[in-house]
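Trainee: predicted model and sequence follow; I will ask about them next.
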Amino acid sequence: MLFGGDNPWPARAFRDAVVFPGHHYVAARIDGRLVGYAGAARLGLTPPLEYEVHTIGVDPDYQGRGIGRRLLADLLEFACDGPTFLEVRTDNAAAIALYESVGFETVGLRKNYYPGSRADAFTMRRDLQETP
């Protein structure tokens, strides 16, 4: 399990999100093994558009190899014509550093955001810019 009890996604909700119009999901595979995935959504149908990163996860055995960065770059390519938002656990220093490295800034705090652990999350925003 990638998110240690904080995964807010029941299997059915995840399957529905993957095929929902306006959503963009990608997978990373090494030798046929799923080692990561990521997804984002376009919010609205008419400009100005906004986007939201739903999830990015990389198998712990494969972290630190740039897989998360490549998945994020793919999502930001999808979100090329508007600002992008996401939530991240306040204690996830590696993810926060990744997001900041591509232009995300912390814009808010959501107390008790994750249902499993009741951990807090930062809300982050990346304004429209060139894809990393």
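Mentor: Nice, thanks for sending it over.

Trainee: now the longest helix seen in the chain: buried residues?
Mentor: Criterion DSSP state H: the longest helix present in the chain is helix 67-78. By neighbour count on 16 or more other Cβ atoms under 10 Å, the buried set for helix 67-78 is 67-68, 71-76, 78. All C-beta spots, glycine's among them, are computed from the backbone N, C-alpha and C.

Trainee: who does it touch, helix- and strand-wise?
Mentor: Taking 3 or more Cβ pairs under 8 Å, 6 or more residues apart in numbering; DSSP states H and E as contact, the helices and strands that helix 67-78 lies on are strand 23-30, strand 33-43, strand 50-58, helix 93-101.

Trainee: ok, now how distant is the closest residue to Leu75 other than its chain neighbours from Arg15?
Mentor: Distances taken as Cβ to Cβ, 6 or more residues apart in numbering put Ala40 closest to Leu75, at 4.3 Å, once the chain neighbours are dropped. Between Ala40 and Arg15 the computed distance is 17 Å (Cβ to Cβ, to the nearest Å).

Trainee: can you check Thr123 too?
Mentor: From Thr123 over to Arg15 (counting by Cβ to Cβ), the distance is 26 Å.

Trainee: what of Val35?
Mentor: To Arg15, Val35 is 19 Å away according to Cβ to Cβ.

Trainee: please apply the same query to Thr106.
Mentor: Distance, Thr106 to Arg15, using Cβ to Cβ: 31 Å.

Trainee: out of Ala40 and Arg15, which sits in the more crowded spot?
Mentor: Comparing Ala40 with Arg15 by other Cβ atoms under 10 Å, the one with more neighbours is Ala40, at 25 against 11.

Trainee: mind checking the SS state of Tyr113?
Mentor: Under the three-state scheme (DSSP: H, G, I helix; E, B strand; the rest coil), Tyr113 adopts coil.

Trainee: verify the stated contact: it with Leu86.
Mentor: No. Distance between Tyr113 and Leu86: 11.6 Å, which falls outside the contact criterion (Cβ atoms under 8 Å).
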